[in-house]
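Trainee: requesting a structural model of the entry that follows:
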Amino acid sequence: MSKSLKLVSLLFACSIALPVLAQDKAPAKRFGFGQPASKEQIAGWDIDVRGPDGANLPPGKGSVAAGEELYMAQCAACHGEFAEGAGRYPELIGGKGTLKSEDPRKTIDSYWPHGPGLFDYIRRAMPFGAPQSLSPDEVYSIVAWLLNQADLWPADKDMDAAALRQVKLPNRDGFIAGGDPRPDVKPDTCMTNCRKDPPKITSDLAARLGVTPTQKTGD
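Mentor: Numbering: from 1, shown residues only. Coordinates of the predicted model:
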């Protein structure tokens, strides 16, 4: 290779290496994009409602009559006119007393533990295709209608935050408070100096049935 070609190759290599070295040595810089979220912006996302005590339920109220109209317009196509389910979409009412049967049905009057949780889910996730499009008054009305269908709310009484907190769903006491007491699912909370006896093997099914050969055959 001639001297001129060697010089061109050296200059080309340096032109690649120098920007990399300069980038490595450059001090870190902030991009300066965006701005801190305001309280109003945060409030738009802070819409979760705590089930057991209804914390963060918004102001507003609704009625069973208004809830029926809203349900037929927004919910019946998927959940049926009487909340019995339609097509592949789940039923919402009608499974009371079935959890211990051979056909358990997880509905509002069988499985759900708290009324405020119903409000939370409907406001955040429904209607399908347009979640968070319902106002608090509309959600309270739909909740009132559903609870009325489950014989848990009178038809002539308005629903609001205070009233919803007082609703006791049939399965409210069916959930285990403070964790699962079953020994086979109990979490190991030990963090330091945790020594356990090694597990004791009482049976080797593979060896007893001979389904897993211990050595190769036919060699």
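
Trainee: check the most centrally placed residue in the chain and give its pLDDT.
Mentor: By Cα atoms, centre = their mean, the chain has its centre lying nearest to Tyr121, at 9.6 Å. pLDDT, Tyr121: 97.

Trainee: quick one: it from Trp153, how far?
Mentor: Separation of Tyr121 from Trp153 (Cβ to Cβ, to the nearest Å) stands at 17 Å. The way it works is simple: take the backbone N, C-alpha and C, and place the C-beta from them, glycine included.

Trainee: report the contact partners of Ala66.
Mentor: Asp137, Glu138, Ser141 (Cβ atoms under 8 Å, 6 or more residues apart in numbering).

Trainee: secondary structure element holding it?
Mentor: Per DSSP states H and E, Ala66 falls inside helix 64-74.

Trainee: immediately after that helix, which helix or strand?
Mentor: Downstream of helix 64-74, the next assigned helix or strand under DSSP H and E is helix 76-79.

Trainee: and that next one, how far out from the chain middle?
Mentor: With Cα atoms, centre = their mean, to the nearest Å as the basis, helix 76-79 stands 22 Å off its chain's centre.

Trainee: what's next to that helix, contact-wise?
Mentor: Gly85, Ala86, Gly87, Tyr89, Pro90, Glu91, Leu92, Pro127, Phe128.

Trainee: one step back: among the contacts of Ala66, which one lies nearest to Ala161?
Mentor: Closest to Ala161 out of the contacts of Ala66 is Asp137 (11.6 Å), distances taken as Cβ to Cβ.

Trainee: what's the neighbour count on Asp173?
Mentor: By the criterion of other Cβ atoms under 10 Å, Asp173 has 10 neighbours.

Trainee: any idea how far Ser203 is from it?
Mentor: Applying Cβ to Cβ, the value for Asp173 to Ser203 is 40 Å.

Trainee: circling back to that earlier point, so which of the contacts of Ala66 wins on neighbours?
Mentor: Neighbour-wise, the contacts of Ala66 (other Cβ under 10 Å) top out at Ser141, 26 neighbours.

Trainee: how far away is it from Asp197?
Mentor: As defined by Cβ to Cβ, Ser141 lies at a distance of 59 Å from Asp197.

Trainee: likewise Arg105?
Mentor: Taking Cβ to Cβ, one finds Arg105 at 44 Å from Asp197.

Trainee: the two - which one has more neighbours?
Mentor: Using other Cβ under 10 Å, the more surrounded residue of Arg105 and Asp197 is Arg105, with 18 against 5.
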